[in-house]
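K.L.:
Provided below for reference: sequence and predicted model.
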Amino acid sequence: MTLEVLKRDACGAIDNMRAELIAVSHAIHARPELAFEEKFAADLLTKTVEKHGLDVTRGAYGVETAYAAEFGRPGSGVMSILSEYDALPGIGHACGHNIIASAGLGAALGLSKLGAKLTGRVRYMGTPAEERGSGKEIMAQGGAFEGVDASMMVHPAGFDMVTMPCIALAEVEVIYHGRAAHASAMAHRGLNALDALVTAYQTIAQLRQHIQHTERIHGIIVDGGQAPNIVPERASGRFYVRARDGVELAALKKRVAACFEAGALATGARLEALWGRCDCLDLKTSWPLANAYEANAKALGRELMDPSNLPAGLAGSTDMGNVSHRVPSIHPMIQVSPPHVVIHNAEFATHANSPRGDQAVVDGAKALAMTTLDFFASAELREQAKMDFAKSRDLSRAAVASAYHKDGILMAGAGACGCR
C-alpha cells in the first residue's frame, strides 16, 4: 500500500471522527482546569481513546492527570504524539490547549484505524501542566520518552508556521519574612518584608540593563502586606527568568538569586527562594520533520509564514523544549485567529472555540498523522532527523542535565507559560 493511500485513509478516519473531536475540544474549552488539576479533560480524553479500542494507562509516568497509549508494530521507529489540556487562570483556554488536546487525539486515533498497515509504533500521551509546572519534564524523568525516536504536537496561534520561537525559562517564588510592628508608633521594632521584596524588584530592574537581548526577567508582587499601619511581616512575589538555552539560563539564575539576597541584606528580612523543580528548555526544532509537516499542511490548504518574518525578539517558552532536547521534535503553529489576536488574551479564547478553531483541530490532526506516516515510510527521513539532532547533542545533554532540580518545588496552580 502506498504512502499516499495510507495518508488518505488516515485523513478519512479523522474526517469520520470530526464531530467527536470537535465535541471534545468544546467540552475541554467549557471546563478550563489549571496545571495538574485537569481531571475532567484527562478523563474525557482517556475515555475517548478507550472507546476507540485502545488501552490507556492513567496517571502515566508519575503525573496524576497524564495518560499514555501505545499501538502499532515495531519496524519503522516510535513516534510520540502529544496532547496538552491545561488552562490559564482567569482567562481559561486563551492558549487554545483544547485544540492541542483534540488535534493530538485525532492524529493518534486516525493512525490507529490503519491497524496492521501502520509500519511503526505510536506513543500517544496526555501531558498536563504546560502552563505551569513543566509536566513534560516530570514525565520525562519517569521515562516517558525512553525508546521514542521523535515527538510532535501542534499549537494554535494567529498564523501557521512550522516552528515556534522558544527560549528557556525558570520559575521562582520568593517569600520574605520580616517582623510586624505598628507602622507609626513602633516602626523601629519591625522588619519590613515588603521593602525587602521591593528592593529585590528594583535590583532586578537594574540588572535588566546589563543582560543579553535574548534574556528576560519579569515578575509580580503576590502579597505585599495586610494593612498600611502594620509593618509587613510577610511579602511574596513570583518571577520568571528566561534565557536563550538551559546553559545560559543556569548562569542568569545565579545573578537573579543575588538580587533576591540583596533585598534580604538591605532590610534584615529572611529570604525564602523557592525555585521550580523543572525548567523549560529552548525549542530545538527538527527541520527534516518540520519540512515534512510543512508539505502536509500545505496539502491541506494551509499557508505557512516564514519564521524569519517574525519580529525580532518574539519568543515564548514551553516544556516541549525539554522533549526536543531528548528526541527530534517539532512544535508547529496552526492558525485559529486573525494575526493581530495574541495568545494569553481573553479574545484568543473565543477563537479557540470558533469554527476556525474547529477546523484547526481537524487540520492539525491530519497534518500530524501524515507527518508520522512520512516518518515511518522513509528511512532517509528518520536518518536525517537523527543526524540533524546529533549536531547539537552535547548542548542538549548539558541542557537536559540543567533542567530538573529534585530539591525544587512543584509549581502547580496559577501561572502562565505560549506558550508561557
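P.N.:
Sure, I can see it. Keep in mind the model is a prediction, meaning the values are calculated, not measured. Residues are numbered from 1 along each chain as shown.

K.L.:
separation between the nearest residue to Pro228 once chain neighbours are set aside and Ala200?
P.N.:
Leaving aside its sequence neighbours, Pro228 sits nearest to Ala183 (CB to CB, 6 or more residues apart in numbering; 6.7 Å). All C-beta spots, glycine's among them, are computed from the backbone N, C-alpha and C. From Ala183 over to Ala200 the distance is 21 Å, taken as CB to CB, to the nearest Å.

K.L.:
These two - which one has more neighbours?
P.N.:
Legend: neighbour count by other CB atoms under 10 Å for Ala183 and Ala200, higher for Ala200 (28 against 16).

K.L.:
Shouldn't that one be within a strand?
P.N.:
No - secondary structure assignment (DSSP: H, G, I helix; E, B strand; the rest coil) places Ala200 in helix, not in a strand.

K.L.:
per-residue confidence for it?
P.N.:
At Ala200, the model reports a pLDDT of 98.

K.L.:
cool, the one 3 residues further on as well?
P.N.:
pLDDT, the model's per-residue confidence, is 97 for Thr203.

K.L.:
residues in contact with it?
P.N.:
Residues near Thr203 by CB atoms under 8 Å, 6 or more residues apart in numbering: 259, 262-263.

K.L.:
what helix or strand does it sit in?
P.N.:
helix 193-207 (DSSP states H and E).

K.L.:
How about Ala369?
P.N.:
Using DSSP H and E, Ala369 maps to helix 355-377.

K.L.:
Buried ones in that helix, by neighbour count?
P.N.:
For helix 355-377, burial by neighbour count (16 or more other CB atoms under 10 Å) applies to 357-377.

K.L.:
try stretch 217-231
P.N.:
217, 219, 225, 231.

K.L.:
and it, how far apart are its ends?
P.N.:
28 Å (CA to CA, to the nearest Å).

K.L.:
mind listing what the nearest residue to Thr163 once chain neighbours are set aside touches?
P.N.:
Leaving aside its chain neighbours, Thr163 sits nearest to Thr285 (4.4 Å; criterion: CB to CB, 6+ apart). Residues near Thr285 by CB under 8 Å, 6+ apart: 162-163, 324, 329-331.

K.L.:
Bridging across strands, which residues link to Thr285?
P.N.:
Note on Thr285: beta-bridge partners by DSSP bridges are Ser329.

K.L.:
need the contact list for the spatially closest residue to Arg302 that is not a sequence neighbour.
P.N.:
Take Arg302 and drop its neighbours on the chain: the residue closest to it by CB to CB, 6+ apart is Asp160, 4.8 Å away. Contacts for Asp160 (CB under 8 Å, 6+ apart) come out as 297, 302-305, 332-335.

K.L.:
any chance of the residues you listed in CSV, with pLDDT and distance to Gly104 too?
P.N.:
Below are these laid out as CSV (pLDDT from 0 to 100; distance: CB to CB, whole Å):
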residue, pLDDT, distance to Gly104
Ala297, 98, 16
Arg302, 97, 17
Glu303, 95, 23
Leu304, 95, 20
Met305, 93, 22
Pro332, 97, 12
Met333, 96, 15
Ile334, 98, 12
Gln335, 97, 17
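
K.L.:
Go through the helix or strand harbouring Glu70 and flag the buried ones.
P.N.:
Using DSSP H and E, Glu70 maps to strand 67-72. By neighbour count on 16+ other CB under 10 Å, the buried set for strand 67-72 is 67-72.

K.L.:
Arg238: which of these is nearest?
P.N.:
Tyr67 (29.0 Å; CB to CB).

K.L.:
now that closest one, which residues is it bridged with?
P.N.:
Bridge pairing for Tyr67 - DSSP bridges - gives Arg58, Gly126.

K.L.:
Also the one 4 residues further on?
P.N.:
When bridges are called by DSSP bridges, Phe71 pairs up with Val122.

K.L.:
How confident was the prediction at it?
P.N.:
98.

K.L.:
thought it was touching Leu114?
P.N.:
No - using CB atoms under 8 Å as the test, Phe71 is too far from Leu114 to be in contact (9.7 Å).

K.L.:
re the thing from before, and the next helix or strand after the helix holding Ala369, which residues are buried?
P.N.:
Counting by DSSP H and E, the next helix or strand C-terminal to helix 355-377 is helix 379-390. Neighbour counts over helix 379-390 (16+ other CB under 10 Å) mark 381-382, 384-386, 388-389 as buried.

K.L.:
which one of the contacts of Asp160 sits closest to Tyr404?
P.N.:
If you rank the contacts of Asp160 by distance to Tyr404 using CB to CB, Pro332 comes first, at 26.2 Å.
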